[in-house]
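Enquirer: Return a 3D structure for these sequence lines:
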Amino acid sequence: MHRIKMGGFKMGRFLETEKHRQAQLKATSSLFSNAARTDGYFKNKPWPFCLPLEKADENLFEEVRQPAIKYFAKEKIQWHQGRNGNPSNHLCDSQVCCVNFLFPFSNKPQALVELLRSLFPDVQEMLPIENSGQFISFEWIGLENYLGERKAGNGSRTRGANFTSADAAVMFKRTDGQKHFVLIEWKYTESYGGTPLQIAKSGTDRTKIYEHLFVRDDCPIDKKILPDFESLFFEPFYQFMRQQFLAHEMELNRELGADIVTLLHISPKHNTDFLKITSPKLKGLGKSAIEVWKNLVNTDRFISVSAEEMFGSSAVQKLQEMKAWREYVNERYSWIVGIH
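Expert: Numbers count the residues shown, from 1 in each chain. Predicted structure coming up:
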């Protein structure tokens, strides 16, 4: 997941469409209060697709608004471009979108089983990761600094900022008794240009940070077909690489007793901008960024699904205990009930 604008990010058609749609929704829908309908400031400019900062909490589904804010505060998780403990006021924020779709399932384990069953037919029961009674964690960075990323001066690591994070995580017991941990990478309006990220603005060569994982014999990336390590330092491949390394190391270390750790990528099928292959040397490995990554890693450890297919399915739409959530996402993110 990325903030609205980061290195390697470019403006996409889907983002432009969503800005307009979200602005119209804010102006007319009962999902927002009258006080939230004015333009909100984002990066020092007023925009119709942003909420006033004092109403940023209305970016979240009302049922989970306070529980999610409380959870992020308790676990010291950073809201991307949020202020004063509130989420971003940008209505197209990807982290907010992720929370709106997934947090409502966090205390409904059976509904979560139904949601995951189409992807993991052997799911038997959900297992909590952090807190008893909560079955989805957010901005998961692993219990240890497996990737060797640089810590802050006080030796701490921050979830949601400056370290490789999975947007969400779940764990379940399978019918064969094994524990399966799933790291979830969520996309919404992201699209990327061809900006190389190997050298950071600070001058740091990022290949040196992750090279110790790449050169190992058990590297999860197929080095036989990969042109070179440097070709991965373009988004979204740079992010895929780090999260795949995280999943691999978590499995090797049996984090929280997990036998298997899979990276699950979820993004809107409507967002075709995301599919662009941004790394010149990887263009011969597939027809889209997702297809390229599937060809580079073990298919048992990387799964990709569209948000429309996962959340717009008839099975999920019929979940009675999710009725309020279903009505919310069908209005807030109306593309979810479109093409599957």
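Enquirer: Surely I225 touches N295?
Expert: Yes. The criterion here is Cβ atoms under 8 Å, and I225 meets it with N295 at 7.0 Å. Where you see a C-beta, it was placed from the backbone N, CA and C, and this is true even at glycine.
Enquirer: ok, now which ones touch V316?
Expert: For V316, the residues meeting the contact criterion (Cβ atoms under 8 Å, 6 or more residues apart in numbering) are E114, L115, M310, M322, R326.
Enquirer: What's the PyMOL line that selects buried ones from these?
Expert: Typed into PyMOL, the line below selects the buried ones among the contacts of V316, using 16 or more other Cβ atoms under 10 Å:
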select buried, resi 114+115+310+322+326
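Enquirer: one step back: so which of I225 and N295 has more stuff around it?
Expert: More crowded of I225 and N295, by other Cβ atoms under 10 Å: N295, with 14 against 11.
Enquirer: The more buried one: helix or strand, and which one exactly?
Expert: helix 289-296 (DSSP states H and E).
Enquirer: Likewise for M241?
Expert: Assigned by DSSP H and E, M241 falls in helix 237-252.
Enquirer: Could you list every helix and strand in contact with the next helix or strand after that helix?
Expert: Downstream of helix 237-252, the next assigned helix or strand under DSSP H and E is strand 260-267. Using 3 or more Cβ pairs under 8 Å, 6 or more residues apart in numbering; DSSP states H and E, the elements in contact with strand 260-267 are strand 179-186, helix 237-252, strand 302-306, helix 307-311.
Enquirer: ok, now with 6 Å
Expert: strand 179-186, helix 237-252, strand 302-306 (3 or more Cβ pairs under 6 Å, 6 or more residues apart in numbering; DSSP states H and E).
Enquirer: Same list, those, but as JSON lines with mean neighbour count please.
Expert: Converted to JSON lines, the helices and strands packed on strand 260-267 look like this (neighbours: other Cβ atoms under 10 Å):
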{"stretch": "strand 179-186", "mean neighbour count": "22"}
{"stretch": "helix 237-252", "mean neighbour count": "22"}
{"stretch": "strand 302-306", "mean neighbour count": "18"}
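Enquirer: what about the ones you listed, which gets the closest to A258?
Expert: strand 179-186 (3.8 Å; Cβ to Cβ).
Enquirer: Show me what that closest one packs onto, helices and strands only.
Expert: strand 166-174, strand 260-267.
Enquirer: Show the pLDDT at the spatially most central residue of the chain.
Expert: The C-alpha lying nearest the average C-alpha coordinate of the chain belongs to W186 (Cα atoms, centre = their mean; 2.5 Å). Looking at W186, its pLDDT is 98.
Enquirer: Distance check, it against K43.
Expert: In this view, W186 and K43 are 22 Å apart by Cβ to Cβ, to the nearest Å.
Enquirer: do the same with D218
Expert: Relative to K43, and taking Cβ to Cβ, D218 is found at 43 Å.
Enquirer: what does T272 give?
Expert: Taken as Cβ to Cβ, the span from T272 to K43 is 26 Å.
Enquirer: quick revisit: could the helices and strands packed on strand 179-186 go into TSV alongside mean pLDDT and distance to K201?
Expert: Converted to TSV, those look like this (pLDDT from 0 to 100; distance: least, Cβ to Cβ, whole Å):
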stretch	mean pLDDT	distance to K201
strand 166-174	98	24
strand 260-267	98	27
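Enquirer: To F214, which of those strands lies closest?
Expert: Closest among the helices and strands packed on strand 179-186, using Cβ to Cβ: strand 260-267, at 16.4 Å.
Enquirer: List the contacts of that closest one.
Expert: 180-187, 243-244, 247, 250-251, 274, 301-305, 307 (Cβ atoms under 6 Å, 6 or more residues apart in numbering).
Enquirer: Over to stretch 14-29?
Expert: By Cβ under 6 Å, 6+ apart, stretch 14-29 touches F32, R37, P48, F49, L91, C92, T189, N271, D273.
Enquirer: Which of T272 and K43 has more residues huddled nearby?
Expert: T272 (13 against 10).
Enquirer: and the residue lying closest to the more buried one once chain neighbours are set aside, how far is that from H20?
Expert: Nearest non-adjacent residue to T272, counting by Cβ to Cβ, 6 or more residues apart in numbering: F14, 7.1 Å away. With distances taken as Cβ to Cβ, F14 is found 11 Å from H20.
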